[in-house]
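Colleague: quick one, what's the 3D model for this:
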Amino acid sequence: MMERLRTQRLFITEPLIAGGLVNAERSQANYLLNVLRLKDGAPIHVFNGTDGEWLAHLKAQSRKVCQLIVEKQVQSQTAPSNLTYLFAPLKQARLDYMVQKATEMGAGSLQPVLTQHTQVTRLNIERMRANAIEAAEQCGILSIPDCHMPVKLEPLISGWDTSRPIIFCDENAGDENLATVLGKFENLTPGVVPAVLIGPEGGFSENERQLLNSKPFVTAISLGPRILRADTAAVAALAIVQAHCGGW
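Modeller: Sure thing, here's the model as predicted:
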């Protein structure tokens with residue numbers, strides 16, 4: 001693993017096969033040639049989310065153009081995570097951070113949710129995806145999370161697959177032991193991981209809280225006595241769920 005992370009990793013969109021030749025995108029070529037100052041023949045690990053990770057070598061054609069010669073597979077593709085992270089959108093810099101950390105923590109799907117107290121309603125989905133790709137490149141992740149358009153909370157819940165639990169992080173959930181609360185998820189169908197829902201800075205409205213608590217597939221948990229920012233709560237909640245019933 002450490003050897004993989006020491007070698008520059010690059011996400012590409014083209015198929016990967018031994019002997020294949022990949023044209024680096026303009027921004028990627030600039031990064032490799034002018035920021036990292038890599039030379040002809042430099043090793044690079046490439047992945048596309050479907051074909052595993054491959055060793056490639058840089059073939060510079062000019063200061064702005066390069067290709068990647070694909071040599072051999074170094075890791076087989078793993079199944080994408082089925083952990084869905086449901087979150088109220090944040091302002092841009094903190095949203096960037098949250099997307100990166102959610103990707104690092106193993107989220108396979110990023111679903112913005114519009115609530116009564118949500119302050120940001122318009123999102124740049126391509127920017128979300130770019131941040132997810134950057135996190136995946138840096139952390140040895142092979143699959144890029146799906147980045148979805150925002151949806152309102154009520155239709156999301158009404159159309160939810162009820163066989164899939166949602167863990168709803170609520171400061172009013174009480175202080176019941178987390179291990180006890182989450183213990184019921186230990187015997188889920190293999191491959192099924194509860195989704196995680198985090199609200200906006202102002203929290204959920206009372207009507208939204210009543211809606212969520214009325215659903216048998218929703219379980220409320222508290223993240224403890226401290227008041228956490230939404231981006232910090234994302235890391236805490238995903239770590240708790242992964243530790244108790246996810247891929248850790």
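
Colleague: shouldn't residue 61 be in contact with residue 67?
Modeller: Yes. Between residue 61 and residue 67 a contact is recorded at 6.7 Å, counting by Cβ atoms under 8 Å. Placement of C-beta: from N, CA and C, glycine included.

Colleague: who's in contact with the most centrally placed residue in the chain?
Modeller: The centre of the chain sits closest to residue 103, judged by Cα atoms, centre = their mean, with a distance of 2.6 Å. The neighbourhood of residue 103, defined by Cβ atoms under 8 Å, 6 or more residues apart in numbering, consists of 110, 131-132, 135-136, 139, 141, 144-145.

Colleague: name the helix or strand for residue 157, please.
Modeller: Using DSSP states H and E, residue 157 sits within helix 153-158.

Colleague: buried ones in that helix?
Modeller: If you call a residue buried by 16 or more other Cβ atoms under 10 Å, then helix 153-158 has these buried ones: 153, 156-157.

Colleague: give me the distance from that helix to the chain's centre.
Modeller: Offset of helix 153-158 from its chain centre (Cα atoms, centre = their mean, to the nearest Å): 21 Å.

Colleague: just the CA trace of the next helix or strand after it, in PDB.
Modeller: Going down the chain from helix 153-158, the next helix or strand is strand 166-169, by DSSP H and E. Output in PDB follows, covering the C-alpha atoms of strand 166-169 (Å, rounded to 0.1, in the frame of the first residue of the first chain):
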ATOM      1  CA  ILE A 166     -30.800   5.300   7.600                       C
ATOM      2  CA  ILE A 167     -28.800   6.400  10.600                       C
ATOM      3  CA  PHE A 168     -30.000   9.900  11.400                       C
ATOM      4  CA  CYS A 169     -27.600  12.000  13.400                       C
END
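
Colleague: show me where this protein has its helices.
Modeller: 2-6, 26-30, 92-104, 125-139, 153-158, 178-182, 206-213, 230-245 (DSSP state H).

Colleague: what would those helices look like in JSON lines with distance to residue 71?
Modeller: Output for those, formatted as JSON lines (distance: least, Cβ to Cβ, whole Å):
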{"stretch": "helix 2-6", "distance to residue 71": "14"}
{"stretch": "helix 26-30", "distance to residue 71": "18"}
{"stretch": "helix 92-104", "distance to residue 71": "27"}
{"stretch": "helix 125-139", "distance to residue 71": "19"}
{"stretch": "helix 153-158", "distance to residue 71": "44"}
{"stretch": "helix 178-182", "distance to residue 71": "44"}
{"stretch": "helix 206-213", "distance to residue 71": "50"}
{"stretch": "helix 230-245", "distance to residue 71": "34"}
